[in-house]
Each structure stands twice: as structure tokens, then as C-alpha cells.
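J.: how would this look folded up:
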Amino acid sequence: MRRRLIQSTLAVVLVVIAVFGVSLVIVETRTISNSAQERVDSEALRLASIVDSRILGDENITAEVFKNQVTDERYAVIRIPGRPPIEIGTEPAGDVIHSTAKGEEGETVTVEEPRSSVTREVGRTLLIIGAVALLAIVAAVLLAVRQANRLASPLTDLAETAERLGSGDPRPRHKRYGVPELDRVADVLDGSAERIARMLTAERRLAADASHQLRTPLTALSMRLEEITLTDDPDTVKEEATIALTQVERLTDVVERLLTNARDPRTGSAVSFDLDEVIKQQLEEWRPAYRSAGRAIVSSGKRHLRAVGTPGAVAQVLAALIENSLMHGGGTVALRTRVTGNQAVVEVTDEGPGVPTDLGARIFERTISGRNSTGIGLAVARDLAEADGGRLEMLQAQPPVFGLFLSRTPLKRPPAPEEDEPTVR
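T.: Have a look, this model is predicted:
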């Protein structure tokens with residue numbers, strides 16, 4: 001591109017120089033020739049007037065008298081009737097410019113000048129024009145190079161930015177070039193980079209959340225299937241199969257919930273539900289895992305509480321807290337229910353060492369973990385709680401106490417506009 005810009009600019013300059021330069025050479029050549037002819041004519045008339053004045057004054061007319069009146073390059077011949085011609089200077093050879101003037105006394109004066117003087121003057125003029133043209137070409141080349149770099153370098157940067165976007169590096173460059181059109185392209189690319197970064201972050205977050213949230217239901221389902229394979233009692237098989245189907249339904253709910261949160265984390269399908277049923281389900285699911293670890297999981301507190309939320313989401317939040325206690329806590333895990341104001345609270349605590357002091361409230365941030373884990377379980381749990389209008393908090397660090405706060409009354413939603421009423425936008 002640089003070469004094409006330089007070539008096009010240079011071509012335009014050369015055409016302009018050719019058109020105006022040739023015209024200028026023609027005009028200057030004619031001007032110099034006309035000026036030389038006028039000088040010779042003026043010289044002839046001047047000598048003729050001098051001869052007239054000397055004839056009228058009966059003064060002597062000789063070559064020595066007019067020697068100082070004619071320049072070295074010119075040749076003059078004075079013809080007076082009845083006298084021999086008077087020659088002044090050296091007669092030039094070759095092509096000449098001449099002029100003849102007649103005096104009042106009948107004399108004639110012829111002045112000649114070699115055309116080589118005109119040629120030399122034309123040559124000097126052409127040299128000056130050529131030097132100016134050369135300077136113009138050099139200036140045009142420098143300007144073309146500068147302009148080409150100013151246009152080509154940003155395009156190269158923009159191409160590199162687009163290539164980085166295509167290779168999965170969505171970092172915006174925020175670089176501008178002072179050219180409105182190129183800056184507009186840079187704005188669009190930076191905007192696209194930011195959108196791609198957000199989409200990639202959402203996809204990675206969804207993948208991480210899915211791998212974390214699906215692990216617990218799959219583990220529980222695997223345990224139930226193992227129970228089925230280890231027993232021959234039809235009643236036990238039926239019971240375990242029923243529980244396994246429940247796990248499959250929860251697994252389906254987890255997937256749907258993750259996809260819903262990926263589209264809009266604020267979307268929720270909150271309903272009024274029996275909190276005891278969700279807690280009972282979690283106890284049944286996690287009791288085998290705790291029994292295998294030589295630990296216990298129990299529940300206490302106020303019974304027959306109804307809360308507002310999505311049962312599947314609340315179950316996932318409790319499962320994240322229970323799993324967190326299984327992995328990082330110790331002793332018996334207790335789920336306590338209580339009422340505070342218009343909220344139902346489920347507290348999950350254990351007898352372990354608790355949350356390290358250096359973590360504090362950062363325990364809910366993604367990738368923050370006190371042990372070798374993903375560090376996204378509590379972050380996902382908080383997002384799920386907030387999606388239904390609840391909240392998840394760490395009430396105490398040592399021993400650890402986490403509280404899930406759920407509203408006991410349905411949220412008031414604005415009525416939908418009637419079909420015949422216009423919707424204000």
C-alpha cells in the first residue's frame with residue numbers, strides 16, 4: 001500500500017510538473033527571445049539618434065567615437081550616404097538577432113547580436129525551472145512517504161488487532177491515529193473486543209459453574225447406582241431407583257438453572273415452597289457421603305417454614321454449603337432454621353477450623369479458596385441466592401456459620417399492561 005500511495009502521489013506531481021513546466025519553458029523561451037529582439041531594436045534606434053545629432057552638428061563620425069556605445073557582444077554597421085560603412089565590433093558568426101533603424105538624415109544603423117546569448121539565457125532559465133521541479137519532486141516524495149506511513153501504519157495496526165481478535169485475544173488497544181475514518185474503525189474493533197471478552201468470560205464462567213454444580217448431583221447419583229448394584233432386595237432397589245430419579249430431576253434442574261443464569265442472572269422463578277422439604281432432601285442426599293467420611297449431618301430449628309424462591313436454586317445453595325463443609329470443615333454439620341423479621345434463615349455450620357482470617361469477606365469471590373479447590377462454589381451459591389431476591393452471607397468465620405436469607409412473602413411484581421393499553425417505552 002505504501003508503494004502504491006507513493007507512486008500515485010509522484011505520478012500526480014510529475015503530470016503537474018510536465019504540464020506546467022513545458023508551458024513555462026515555452027513562455028519563458030518566447031519572452032527571452034522577444035526581450036532580446038527588443039533590446040537590439042532599442043540599440044539600433046539609440047545609435048541612429050546619436051548619428052543624426054552628430055551629422056547635424058558636423059561632428060566627426062568614426063568607429064572610435066561609437067566604440068564605447070556598443071557592447072562587446074553586439075556588432076553595428078552605420079551607413080551614411082556618400083560615406084563608407086562604419087563597422088563597430090566584431091561581426092558574429094552563425095545565427096544572429098538583427099535590427100535596422102533609419103535616421104532622419106538618410107543614414108541606416110544595423111545592429112546584430114549572436115543568438116547564442118539568448119540560448120544561454122534560455123539555458124539558465126531551464127536550469128532554474130529544472131531545479132525547482134526537482135525540489136518539488138523531492139518534496140512530493142517526502143510528503144507521499146509521510147502520508148503513506150500515516151495511513152499504512154494504522155491499517156497495519158488495525159489488521160493486527162483484527163488478527164488478535166480472531167486468535168482469541170480480545171484485549172482492546174484503545175489506540176487512535178488522528179484520522180476520523182481510521183479512528184472509527186478502531187472504535188468498532190475495540191467495541192467488538194470488549195463484547196468478545198464479555199462473551200468469552202460468560203462462556204468460561206458457565207463452563208466452570210456447570211462443572212462445579214453438576215459434580216455434586218452426579219456424585220450423589222453415582223452413589224445411588226452403586227447402592228442398587230450392591231443389593232438384591234427389590235424394595236431397596238426400588239427405593240434407591242426412586243431416589244436416583246430424584247437426582248436426575250435435580251440434575252436437569254441444575255442444567256436449566258445454569259443456562260437461565262447464563263442468559264440473565266437476574267431471572268428467577270420464585271414461588272412459595274416448604275423449606276423443610278428442601279432441607280430433608282439435602283440431608284438424604286448427603287448423609288451417605290458424610291457417613292463414609294465418619295461424620296454426621298443434622299438439622300434443627302423452627303419447622304414448617306415457607307419461603308419464597310426457586311426450590312432447585314435453594315437446594316443448590318444448600319448443597320454448595322454442605323459440600324464446602326464436607327471438604328473444608330470438620331465434625332458434625334448442622335442446618336438450623338430460624339425466622340428474623342420477614343425472612344426465613346437457614347444456617348449451615350460445622351465444627352471445623354473455619355474461614356482463614358486473610359480471606360474474610362473475599363470468600364465469596366471467584367477463584368478465592370482456602371484450600372485446593374476451584375473457589376467458585378460459594379460465588380455460584382451467592383449468585384443463585386440473589387437471583388431469587390435472597391442473599392447468602394458469612395455470619396461467623398470461626399467456627400464457620402453461613403446464613404441463607406429468604407423472603408417469606410412473595411415479591412410484588414408490577415402488573416402487566418393490558419393489550420389495549422399502549423406500553424410506554
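
J.: Neighbours of the residue nearest to Pro81 when sequence neighbours are not counted, how many?
T.: The shortest distance from Pro81 to any non-neighbouring residue, by C-beta to C-beta, 6 or more residues apart in numbering, is to Gly106 (5.1 Å). Placement of C-beta: from N, CA and C, glycine included. By other C-beta atoms under 10 Å, 12 other residues sit near Gly106.

J.: In a strand, Gly106, correct?
T.: No: applying DSSP: H, G, I helix; E, B strand; the rest coil, one finds Gly106 to be coil, outside a strand.

J.: how far away is it from Ile243?
T.: 147 Å (C-beta to C-beta, to the nearest Å).

J.: Could you do Arg184 as well?
T.: Taking C-beta to C-beta, one finds Arg184 at 61 Å from Ile243.

J.: Just the element for Leu135, please.
T.: Assigned by DSSP states H and E, Leu135 falls within helix 115-166.

J.: returning to that earlier point: quick one: which of Arg184 and Ile243 has more around it?
T.: Ile243 (19 against 11).

J.: Who are the contact partners of the residue lying closest to the more buried one once chain neighbours are set aside?
T.: Nearest residue to Ile243, sequence neighbours excluded (C-beta to C-beta, 6+ apart): Arg224, at 5.3 Å. Shown in contact with Arg224 (C-beta atoms under 8 Å, 6 or more residues apart in numbering): 240-241, 243-244, 247.

J.: Out of the residues you listed, which sit inside helices?
T.: 240-241, 243-244, 247 (DSSP state H).

J.: So which of those residues wins on neighbours?
T.: Gln247 (22 neighbours).

J.: nearest spatial neighbour of that one, skipping sequence neighbours?
T.: Leu221 (4.2 Å).

J.: And that neighbour, how far from Glu227?
T.: 11 Å.

J.: for the ones in helices among the contacts of Arg224, which one is nearest Arg287?
T.: Using C-beta to C-beta, Ile243 comes nearest to Arg287 of these, at 11.3 Å.

J.: Show me the shaky parts of the stretch 251-400 of the chain.
T.: 253-254, 256-269, 360-361, 366-377 (pLDDT under 70).

J.: which SSE is Gln43 in?
T.: Quick fix: residue 43 reads Glu, not Gln. With DSSP H and E as the criterion, Glu43 is inside helix 2-56.

J.: Sorry, slip of the keys, the one I care about is Ala334.
T.: Using DSSP H and E, Ala334 falls in strand 333-340.

J.: Domain-wise, how is this protein divided?
T.: 2-139, 205-407 (automatic domain parsing).

J.: Next up, the contacts around the nearest residue to Ile88 once chain neighbours are set aside.
T.: Excluding the flanking residues, the one nearest Ile88 by C-beta to C-beta, 6+ apart is Ala76, at 4.3 Å. When contacts are counted by C-beta under 8 Å, 6+ apart, Ala76 touches 43-44, 47, 66, 70, 87-89, 109-112.

J.: Make a ChimeraX selection of whichever of these turn out to be buried.
T.: With 16 or more other C-beta atoms under 10 Å as the criterion, this ChimeraX line picks the buried residues out of those:
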select :43,44,47,66,70,88,89,109,110,111,112
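
J.: just the contacts of Ala76 now: which is nearest Arg306?
T.: Glu43 (126.4 Å).

J.: So what touches stretch 175-184?
T.: 150-151, 153-155, 157-158, 186.

J.: One more pass at 7 Å, please.
T.: With C-beta atoms under 7 Å, 6 or more residues apart in numbering as the test, stretch 175-184 has contacts from 154, 157, 186.

J.: tell me which residues in that stretch are buried?
T.: 177, 182.

J.: Compute the first-to-last residue distance for that stretch.
T.: 11 Å (C-alpha to C-alpha, to the nearest Å).

J.: what's the average pLDDT for it?
T.: Across stretch 175-184, pLDDT averages out at 77.

J.: Please apply the same query to stretch 58-75.
T.: Mean predicted confidence for stretch 58-75 is 75.

J.: what about it, how long is it end to end?
T.: Stretch 58-75: ends 25 Å apart by C-alpha to C-alpha.

J.: deepest of the domains of the chain, which one?
T.: domain 205-407 (a mean of 17; mean count of other C-beta atoms under 10 Å).

J.: Run the chain-centre distance for that domain.
T.: Centroid separation for domain 205-407 versus its chain: 44 Å, with C-alpha atoms, centre = their mean, to the nearest Å.

J.: next one: stretch 154-174
T.: 7 Å.

J.: Report the separation between the residue in the chain sticking out farthest from the centre and Ala93.
T.: The centre of the chain is farthest from one residue, Gly82, which by C-alpha atoms, centre = their mean lies 98.4 Å away. Using C-beta to C-beta, Gly82 is found at 30 Å from Ala93.

J.: go on, Lys175?
T.: Applying C-beta to C-beta to Lys175 and Ala93 gives a distance of 73 Å.

J.: Could you look up the SS state of Val308?
T.: Relying on three-state DSSP, one would call Val308 strand.

J.: Can you pull the phi/psi pair for the nearest residue to it once chain neighbours are set aside?
T.: Using C-beta to C-beta, 6+ apart and skipping the chain neighbours, the partner closest in space to Val308 is Ser407 (4.6 Å). Backbone torsions of Ser407, given as degrees, to the nearest 10, read phi -70, psi 150.
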